[in-house]
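Enquirer: need the 3D shape of this:
(chains A and B)
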Amino acid sequence: MRTKPERQAAWLMVLPVVLVVAFSGVVPLMTVVNYSVQDILDVDTRFFVGFDWYRDALRDVRLHEALWRQLVFSFTALAIELPLGILVARCLPRQGRAASLLLVLCAIPLLVPLNVVGTIWQIFARGDIGMLGAAINGLGIDYNYTREPLHAWMTLVAMDVWHWTSLVVLLGFAGLSSIPPAYYQAADLDGAGRWQVFRHVELPHLRAVLLIAVLLRLMDSLMIYTEPFVLTGGGPGNTTTFLSQHLATIAVGQFDLGPAAAFSVIYFLLILLLCWLFHTLVVAGAERDDA
Amino acid sequence: MRSPGLASRLVVAGYSLYLLLPLYWLLAMALKSNRDIVSRLEWIPSSPTLANFAEIFSNPVWLDGFVNSLAYVAINTALSVAVALPAAYAFSRYRFLGDKHLFFWLLTNRMSPPAVFLLPFFQLYSALGLFDTPWAVALAHCLFTVPLAVWILEGFMSGIPRDIDDMARVDGHSLPSFFFRIFLPALRGGIGVTVFFCFMFSWVELLLARTLTGSEAKPIVVVMTRTVSASGLDWGVLAAAGVLTVLPGVVVVWFVRKHLVRGFALGRV
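Expert: The predicted structure follows:
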């Protein structure tokens, strides 16, 4: 592969994006950083407090709990959605009417507004009026996601899988469609089994799209707010309160701007760190494989 | 190409059922009166009624909500694709000072939780006089749609061989002429996929859309939560409202389905 030519004038083409993102990203982020080092009593009365809010946030037990729950939730959801998404993508027919109909069906959950996703699962899972809740109760299991933390968790994970697995399916389908049929024929001639075809033919072609899928899912599940808010409201108790909801409680509920801002900065850095770790590990692994 | 076996069909059928059941239940609830919903559990509505939809459509706020939502989604999608195209081209074709860092910095914006930005956004757009207009929501959503658009388009552009650029230059095309006459048509599928993702992430977002609008530009998802809470907990109306917010997505995906399949099939996203 040829290396790309060097051309500093390319900055001019990137400039519009930089301006838009600076306006909608950097300016607000700086505001947050600014808040995070001040104690704001009202618009005119504020004191510089240095890193006090950060210290408080890092010692906050409720934040630790929310963070722990968040990590367990995100990794559970990813651990189900990725393999399931790849499996379904492999099983979909490659072309024809059925393929395009199934892809449309897969895309529908992705286009449902986030609060409506919560509403759909609320209606679906309630024991008194819901199909799922009534069916499980009919089996003799006392299922109630508003009372039992474990049931609330399982319902949330089922909802997230319903909502987002299709993203992996669509991206995986794209990756699989790009494999030339000759690769499969060659594998057949070599007498490769299903697993070997998957491991040596399909997986290498899926790497780029799976990287996008995992990063998108990781970011979004770490920021999840609306769906659990509608479905469980963070309950029962605090058992399904994740980071964004904890943040919204401090910022909007209690209007503690300084602590909320400090928490925001930590939160943002955490997502950045996780995504960077993942990206570095995968890219480093890919380069080692290629070498 | 091997034909799908029985196991594959079962997996696809099971997954489809899993996707469809909650949607079916939403529709079934929307066609029942609240009294029927609460009193007994029916798998199929025995006396279907459109009363819930009638109640919604008798309220002009709903139509406005639809128009408002589509307005900011359209502005956002057009803006995102317009600024992302040249940037993605630069990233896919040239090396320049700080290109890798810039690309990663763009992505970090996709990683910032909207909850973090609620207050600063509110103050920023109020100060600019954009509060309660579709522009405020559209610009705020650029935070996550623009980096995504650059990311996806860069992938598609890198899939188009650079020889095309060189041949066009030999044929005497200037850069703009090459870009619009040759490059963009070749990129149709990629643009379709990008539009789909911008539409998707902007249409489903609630938190920012709710914070940045008042009575004038109120989007449909907010109308839904407020109308329903104002009239008490009427499950039938809630479900009907849900159905109405799902429909535009279904329409959009139906129209772009060919692009979606071809775009995705084009290869490395």
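Enquirer: quick check: residue B:115 touching residue A:226?
Expert: No - applying CB atoms under 8 Å as the test, residue B:115 and residue A:226 come out as separate, 9.8 Å apart. The way it works is simple: take the backbone N, C-alpha and C, and place the C-beta from them, glycine included.
Enquirer: need the overlap of contacts for these two.
Expert: By the contact definition CB atoms under 8 Å, 6 or more residues apart in numbering or on different chains, residue B:115 and residue A:226 are jointly contacted by residue B:207.
Enquirer: for the stretch 1-150 of chain A, what spans make up the helices?
Expert: A:10-21, A:27-36, A:52-59, A:61-91, A:97-107, A:114-125, A:131-138, A:149-177 (DSSP state H, counting those that start in this stretch).
Enquirer: could you identify which of those is most buried?
Expert: Sort the helices of the stretch 1-150 of chain A by mean neighbour count, taking mean count of other CB atoms under 10 Å in any protein chain shown, and helix A:114-125 sits at the top with a mean of 25.
Enquirer: and chain B, is that helix touching that?
Expert: Yes - using CB under 8 Å from any CB of the partner chain, helix A:114-125 comes into contact with chain B via A:114, A:115, A:116, A:119, A:120, A:121, A:123, A:124.
Enquirer: can you list contacts of that helix?
Expert: Helix A:114-125 has contacts (CB under 8 Å, 6+ apart) with A:109, A:112, A:129-133, A:145, A:155, A:158-159, A:162-163, A:226-231, B:21-23, B:25-26, B:29, B:204-206, B:221, B:224-225, B:235, B:238-239, B:242, B:245-246.
Enquirer: any idea of the angle that helix forms with helix A:149-177?
Expert: Here helix A:114-125 runs at an angle of 120 degrees relative to helix A:149-177 (axes from the mean of the first three to the mean of the last three CA atoms, to 10 degrees).
Enquirer: what mean pLDDT does helix A:114-125 have?
Expert: For helix A:114-125, mean pLDDT rounds to 89.
Enquirer: so how do I select the buried members of the contacts of helix A:114-125 in PyMOL?
Expert: Remark: buried members of these, expressed as a PyMOL selection using 16 or more other CB atoms under 10 Å in any protein chain shown:
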select buried, (chain A and resi 109+112+129+130+131+132+133+145+155+158+159+162+163+226+227+228+229+230+231) or (chain B and resi 22+23+25+26+29+204+205+206+221+224+225+235+238+239+242+245+246)
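Enquirer: which residues touch residue A:226?
Expert: The contact partners of residue A:226, taken as CB under 8 Å, 6+ apart, are A:114, A:115, A:117, A:118, B:206, B:207.
Enquirer: how close does residue A:106 get to residue B:18?
Expert: 11 Å (CB to CB, to the nearest Å).
Enquirer: kindly report the same for residue B:166.
Expert: Residue B:166 is 49 Å from residue B:18, by CB to CB.
Enquirer: of the two, which one has the most company?
Expert: residue B:18 (16 against 10; other CB atoms under 10 Å in any protein chain shown).
Enquirer: and that one, what element?
Expert: helix B:6-30 (DSSP states H and E).
Enquirer: distance from that helix to the middle of the chain?
Expert: 22 Å (CA atoms, centre = their mean, to the nearest Å).
Enquirer: helices and strands around that helix, which ones?
Expert: helix A:61-91, helix A:97-107, helix A:114-125, helix A:131-138, helix A:149-177, helix B:235-255 (3 or more CB pairs under 8 Å, 6 or more residues apart in numbering or on different chains; DSSP states H and E).
Enquirer: go through those helices and name the closest to residue B:189.
Expert: Across the helices and strands packed on helix B:6-30, residue B:189 has its closest neighbour in helix A:149-177 (10.1 Å, CB to CB).
Enquirer: which helices and strands does that closest one pack with?
Expert: helix A:61-91, helix A:97-107, helix A:114-125, helix A:203-222, helix A:226-231, helix B:6-30, helix B:257-265.
Enquirer: following it in sequence, what is the next regular element?
Expert: helix A:181-189.
Enquirer: which residue does chain A have closest to chain B?
Expert: residue A:111 (2.7 Å; CB to the nearest CB).
Enquirer: which non-adjacent residue is nearest that residue?
Expert: residue B:249 (2.7 Å; CB to CB, 6 or more residues apart in numbering or on different chains).
Enquirer: pretty sure that neighbour is touching residue A:105, no?
Expert: No - with contact defined as CB under 8 Å, residue B:249 does not reach residue A:105; the gap is 12.0 Å.
Enquirer: residue B:42: what's it in contact with?
Expert: B:28, B:32, B:36.
Enquirer: CSV for these, including distance to residue B:155?
Expert: As requested, those are arranged in CSV below (distance: CB to CB, whole Å):
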residue, distance to residue B:155
B:28, 41
B:32, 46
B:36, 50
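Enquirer: neighbour-wise, which one of the residues you listed leads?
Expert: Counting by other CB under 10 Å, top hit in the contacts of residue B:42: residue B:32 with 23 neighbours.
Enquirer: correct me, but it touches residue B:51?
Expert: No - the pair residue B:32 / residue B:51 is not scored as a contact, 9.4 Å apart, by CB under 8 Å.
Enquirer: can you pull the residues that touch both of those two?
Expert: Joint contacts of residue B:32 and residue B:51 (CB under 8 Å, 6+ apart) are residue B:236.
Enquirer: just give the closest residue to residue B:51, not the sequence neighbours.
Expert: Per CB to CB, 6+ apart, closest to residue B:51 is residue B:33, 6.3 Å.
Enquirer: number of residues surrounding that neighbour?
Expert: 17.
Enquirer: so what's it up against?
Expert: So residue B:33 contacts B:47, B:49, B:51, B:52, B:236 (CB under 8 Å, 6+ apart).
Enquirer: follow-up on the earlier one: what angle sits between the helix holding residue B:18 and helix A:149-177?
Expert: Using the same axes, to 10 degrees: helix B:6-30 against helix A:149-177 is 130 degrees.
Enquirer: after helix B:6-30, next one along is what?
Expert: Next element after helix B:6-30 (DSSP H and E): helix B:34-39.
Enquirer: buried ones in the next helix or strand after that following helix?
Expert: Later in the chain than helix B:34-39, the nearest helix or strand by DSSP H and E is helix B:51-57. Using 16+ other CB under 10 Å as the test for burial, helix B:51-57 gives B:52, B:53, B:55, B:56.
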